[in-house]
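Undergrad: missing the sequence, but the structure's below:
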Ligand code: MG
């Protein structure tokens, strides 16, 4: 098998985004529950051909970027876009990278197909970039009066990621005059006589520049709704504390189990894990593991919520039905709802908790144990199959 070229993505996110109107730079603004920067990083990370992803950000945003991209490679950029790219390229050269895709963080909707096309375009050129035809009429602005029409023939709108053989783009940066700015890296490679192939761009890849773009971008995010259920039973025994829905309830018996045996939180944890097809509570916290002996079940629930958040997901609603003859759940319902909402980091209005008996029938009716059914509904950003 021949050795495959080492391919990296370099995301440029060091800009101040002045056209967004002050405050937080656009690449750190919320888009579908995650900072904009997250999305293109995620697209590269999940592409099988990309071996590593380096993000360059302003020095004072290093910690923030590392928190947004856990485990991601983040380095400080420079004063200009060109300098930021140059710094990134130096890191990638040291890492033995042979091809690089340079991308603007302000283009969050990067598809695997665009990455594929750019990589394919580089096979027979020094570089490749996505481009789209111009649909609108182009004209010159002569002091707010219509000037000449600019012919559209042969004119394209260029996008990123722009892919290059590393040596070609490093040489282009080295040769570029220090006092001149470049609009993009392709222009620099071309100046040295390099050939940059044009491949089909993507309308979804539009650059987000103005605040209105951000609203439009949020609307462009597609969400997938997932619903899953959980069910659990624990035995009631003497000399046990009764933890239910994250609350300690005074009762003459308690639930027994390896952890604190909070049957309500266990059922809900399984429902949440189900929404991302992440197995069940035993997969993540095996009863054979002594560290979970007597453990507070709230941490199991929080773990499931974090796995959902890691996928950019949102918990829309959870609903629990506690099945027992005693104790009475009503007096503790508000405290349980408050605790579950707190553990999940959602509004109490998104937590429903109900109780029923089984008319003294079955094990719950005989008071031998307590059962709980739970249902969870979450939204995941489009394309994030578990
Ligand atoms: Mg259990």
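TA: On my side now, so go ahead. If you're wondering where the values come from, they're calculated on a predicted model, not measured in any experiment.
Undergrad: how about the nearest residue to residue 357, chain neighbours excluded?
TA: Of all residues not flanking residue 357 in the chain, residue 325 sits nearest, at 5.2 Å (Cβ to Cβ, 6 or more residues apart in numbering). Every residue, glycine included, has its C-beta placed from N, CA and C.
Undergrad: for that neighbour, what are its contacts?
TA: Shown in contact with residue 325 (Cβ atoms under 8 Å, 6 or more residues apart in numbering): 357, 358, 360, 364, 365, 366, 367.
Undergrad: Derive a ChimeraX selection command for the buried subset of these.
TA: Selecting the buried subset of the contacts of residue 325 in ChimeraX, with 16 or more other Cβ atoms under 10 Å as the burial test, is done by:
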select :364
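Undergrad: Cross the contacts of residue 325 against helices and list the overlap.
TA: If you go by DSSP state H, those have 364, 365 in helices.
Undergrad: any idea which of the contacts of residue 325 is closest to the ion?
TA: Using Cβ to the ion, residue 364 comes nearest to the ion of the contacts of residue 325, at 14.8 Å.
Undergrad: Check the spacing between that closest one and residue 355 real quick.
TA: Distance, residue 364 to residue 355, by Cβ to Cβ, to the nearest Å: 11 Å.
Undergrad: With residue 285 instead?
TA: 26 Å.
Undergrad: again, but for residue 95
TA: Note on residue 95: its distance to residue 355, by Cβ to Cβ, is 58 Å.
Undergrad: Can you pick out the residue with more neighbours from the two?
TA: residue 355 (20 against 14; other Cβ atoms under 10 Å).
Undergrad: Now do the same contact list for that one.
TA: Taking Cβ under 8 Å, 6+ apart, we find residue 355 in contact with 321, 322, 323, 324, 328, 329, 330, 333.
Undergrad: again, 6 Å this time
TA: Residue 355 is in contact with 322, 329, counting by Cβ atoms under 6 Å, 6 or more residues apart in numbering.
Undergrad: Quick check: which element contains it?
TA: Residue 355 belongs to strand 351-356 when assigned by DSSP states H and E.
Undergrad: List the buried residues in that strand.
TA: Using 16+ other Cβ under 10 Å as the test for burial, strand 351-356 gives 351, 352, 353, 355.
Undergrad: beta partners for the first one?
TA: I take that to be residue 351. For residue 351, the beta-bridge partners under DSSP bridges are residue 318.
Undergrad: Report the closest residue of the stretch 251-386 of the chain relative to the ion.
TA: Nearest residue of the stretch 251-386 of the chain to the ion, counting by Cβ to the ion: residue 266, 3.6 Å away.
Undergrad: Quick check: residue 263 vs residue 257, distance?
TA: For residue 263 relative to residue 257 (Cβ to Cβ), the value is 8 Å.
Undergrad: neighbour count winner among the two?
TA: Counting neighbours by other Cβ under 10 Å for residue 263 and for residue 257 shows that residue 263 has the greater number, 30 against 22.
Undergrad: May I have the phi/psi pair for the more buried one?
TA: The phi/psi pair for residue 263 (degrees, to the nearest 10) reads phi -60, psi -30.
Undergrad: do residue 320 as well
TA: Dihedral angles for residue 320 - degrees, to the nearest 10 - are phi -120, psi 140.
Undergrad: So it sits against residue 352, correct?
TA: No. Residue 320 lies out of contact with residue 352 (Cβ atoms under 6 Å); the separation is 7.0 Å.
Undergrad: chain center to the lengthiest strand in the chain: distance?
TA: Taking DSSP state E as the criterion, the chain has its longest strand at strand 223-237. Mean C-alpha position of strand 223-237 versus that of the full chain (Cα atoms, centre = their mean, to the nearest Å) differs by 25 Å.
Undergrad: helices or strands up against it?
TA: Contact here means 3 or more Cβ pairs under 6 Å, 6 or more residues apart in numbering; DSSP states H and E; on that basis strand 223-237 packs against strand 254-256, helix 263-275, strand 369-381.
Undergrad: does the ion sit close to that strand?
TA: Yes. Strand 223-237 lies within reach of the ion by Cβ under 5 Å from the ion, at residue 232.
Undergrad: Strand partners (parallel or antiparallel) of the next helix or strand after that strand?
TA: Of the helices and strands lying after strand 223-237 in sequence (DSSP H and E), the nearest is strand 242-244. The strands beside strand 242-244 in its sheet (DSSP bridges) come out as strand 247-249 (antiparallel).
Undergrad: outside of the partner strand, which residues touch it?
TA: 242, 327, 332, 335, 336, 339.
Undergrad: Could you pull up the contacting residues of the fifth one?
TA: So that's residue 336. When contacts are counted by Cβ under 6 Å, 6+ apart, residue 336 touches 245, 247, 353.
Undergrad: Confirm for me that the last one is in contact with residue 321.
TA: No. If you go by Cβ under 6 Å, residue 353 and residue 321 don't touch, sitting 8.2 Å apart.
Undergrad: what number of residues lie near the residue of the stretch 251-386 of the chain closest to the ion?
TA: Other residues close to residue 266 by other Cβ under 10 Å number 28.
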